[in-house]
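1. I would like the atomic coordinates for the input below:
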Amino acid sequence: MENNTEPKIPYVPGLAGVPAAESKVCDIDGQRGILFYRGYAIEELAEKSTFEETSYMLLNGQLPQKNQLDQFSHDLVHHRRLKYKLIDLMKTLPESGHPMDALMAAVGALGMFYPHINIMNSEERYGATVRLISKLPTIVAAWARMRRGDRDVLPNDKLSHAANFLYMLNEQEPDSTHARIFDQCLILHAEHQMNASTFSARVTGSSLADSYAVVASAVGTLSGPLHGGANEDVLDMLAEIGTVENVVPWLDKAMASKRKIPGFGHREYKVKDPRAKILQRLAEQLFARYGSTPLYDIAVKLESVMEERVGGKGIYPNVDFYSGLVYQKLGIPTDLFTPIFAMARVSGWLSHWLEQLENNRIFRPNQIYVGSAPRNYAALDRR
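-> Numbers count the residues shown, from 1 in each chain. Model prediction:
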């Protein structure tokens, strides 16, 4: 007898290694530690580009001509300000709430101020994209200030994207070194292929939801501890270790109890994350000019010992291991680290959203049912 049974599709937890889309946005070679945005090496972008230029390139596929970059930068500056009603709404949120929750709420509400977007219209898509990239830093900085009782600071139209955020956060123009290093951090976090939040963005976008819903869903995914927040945990860990001399005994106990070491290991990379290498150099630049921190010496020692013990398993520092040290030296509060990640990654999320719309098909994966066999309903008095 002919067997018409369809072949069983294997279940892959977390869809690990399962392609979910074809994309031109980003490529990773995890074996060699190589990261490309649209074919451009991350090392070259961090050294030579700006966040504005990198964002344009991610969204459009090519580096801009000068007039294109000038227009894009102008549009970003023009849309930095927030509606006063959105500020009023943010003031009603509890000061004890996490900044990621405030960001998710504000981005969701932001879409109500710019409703009825025709996402199939390129001009309206562009306007929504620019608003989100330009307004997320304003939201993050405003919340950081208002939760401690300070007035929000209006954007400074004369400053770059990175410098303006630091200005809105501290009500003081940053020096050129701080601004440039923060700009490089934004570039490093702007995109990273089909990670969890980007997948969320593409799934939401595939339903033809607007860009504000797309970004709000991505922010929500990033808020989970398995995706964002590891750089906060790294600083806590380094402070717990306390001294360089305590690295080995601390690690002995941590590994004996099978404790996860934050800042190490990545699903894609089997060598040191290329972004971690750049962030380490940025940290050293900051420390050379403004003074080092004992936590950095602890981090270097910990990396060395971890390489001896687990480097053979492909476990090396990821992007979170040194980024917290950089942000800390820039004077950024620890619980703003993940919102800053979102400020940068919004360019990548929106690039994937635009790509999804090019040849869209709503995501509708299957499942493997493991529940009860068919059974009869029993009346309440007979159960």
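
2. okay, now residue 254: neighbour count?
-> The local packing of residue 254 (other C-beta atoms under 10 Å) involves 15 other residues. Quick note: C-beta positions are derived from backbone N, CA and C, even for glycine.

3. gap between it and residue 316?
-> Distance, residue 254 to residue 316, using C-beta to C-beta, to the nearest Å: 17 Å.

4. can you tell me the element the nearest residue to residue 235 once chain neighbours are set aside falls in?
-> Nearest-residue entry for residue 235: residue 324, 4.6 Å, with adjacent residues in sequence omitted and distances by C-beta to C-beta, 6 or more residues apart in numbering. When elements are defined using DSSP states H and E, residue 324 is found to belong to helix 320-329.

5. does the spatially most central residue of the chain count as helix, strand or coil?
-> The central residue of the chain, meaning the one whose C-alpha is nearest the mean C-alpha position (C-alpha atoms, centre = their mean), is residue 341 at 3.8 Å. Following DSSP: H, G, I helix; E, B strand; the rest coil, the label given to residue 341 is helix.

6. list the buried residues of the lengthiest helix in the chain.
-> Under DSSP state H, the helix in the chain containing the largest number of residues is helix 122-146. Going by neighbour count (16 or more other C-beta atoms under 10 Å), the buried part of helix 122-146 is 124-125, 127-146.

7. I'd like the average pLDDT over the helix or strand that that helix is followed by.
-> On the C-terminal side of helix 122-146, the nearest following helix or strand under DSSP H and E is helix 161-170. For helix 161-170, the mean pLDDT works out to 98.

8. and the angle for the helix or strand following helix 161-170 with helix 320-329?
-> Using DSSP H and E, the helix or strand that directly follows helix 161-170 along the chain is helix 176-188. Orientation check (axes from the mean of the first three to the mean of the last three C-alpha atoms, to 10 degrees): helix 176-188 against helix 320-329 gives 150 degrees.

9. so the closest residue to residue 262 other than its chain neighbours is in which element?
-> What sits nearest to residue 262 in space, not counting adjacent residues and going by C-beta to C-beta, 6+ apart, is residue 233, at 3.8 Å. Taking DSSP H and E as the definition, residue 233 sits inside helix 230-241.

10. tell me the mean pLDDT over that helix?
-> Over the span of helix 230-241, the pLDDT mean works out to 95.

11. pLDDT weak spots in the stretch 201-350 of the chain?
-> When residues are selected by pLDDT under 70, none of them lie in the stretch 201-350 of the chain.

12. show me the contact partners of stretch 223-236.
-> Applying C-beta atoms under 8 Å, 6 or more residues apart in numbering, the external contacts of stretch 223-236 come out as 98, 100-101, 104, 195-197, 221-222, 262-263, 295, 299, 318, 320-321, 323-325, 327-328, 334-335, 337-338, 341-342.

13. got a PyMOL select line for the buried ones in the residues you listed?
-> Those of the contacts of stretch 223-236 that count as buried under 16+ other C-beta under 10 Å are selected in PyMOL with:
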select buried, resi 100+104+195+196+197+221+222+262+263+295+299+318+320+321+323+324+325+327+328+337+338+341+342
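
14. can you give me the helices in the stretch 201-350 of the chain?
-> Secondary structure of the stretch 201-350 of the chain (DSSP state H, counting those that start in this stretch): helices located at 211-222, 230-241, 247-256, 274-290, 294-310, 320-329, 337-358.

15. among those, which comes closest to residue 56?
-> helix 337-358 (8.8 Å; C-beta to C-beta).

16. now the closest one: buried residues?
-> Neighbour counts using 16+ other C-beta under 10 Å place 337-357 of helix 337-358 among the buried residues.

17. and for stretch 213-225?
-> Those would be 213, 214, 215, 216, 217, 218, 219, 220, 221, 222, 223, for stretch 213-225 by 16+ other C-beta under 10 Å.

18. repeat for stretch 237-247
-> Applying a neighbour-count criterion of 16+ other C-beta under 10 Å, the buried positions in stretch 237-247 are 237, 238, 241, 247.

19. average pLDDT for the one helix or strand residue 111 maps to?
-> With elements taken from DSSP H and E, the one containing residue 111 is helix 99-113. Confidence for helix 99-113, expressed as mean pLDDT, is 95.

20. how is the chain divided into domains?
-> Taking automatic domain parsing as the domain assignment, the ranges for the chain are 26-225+336-358, 230-329.
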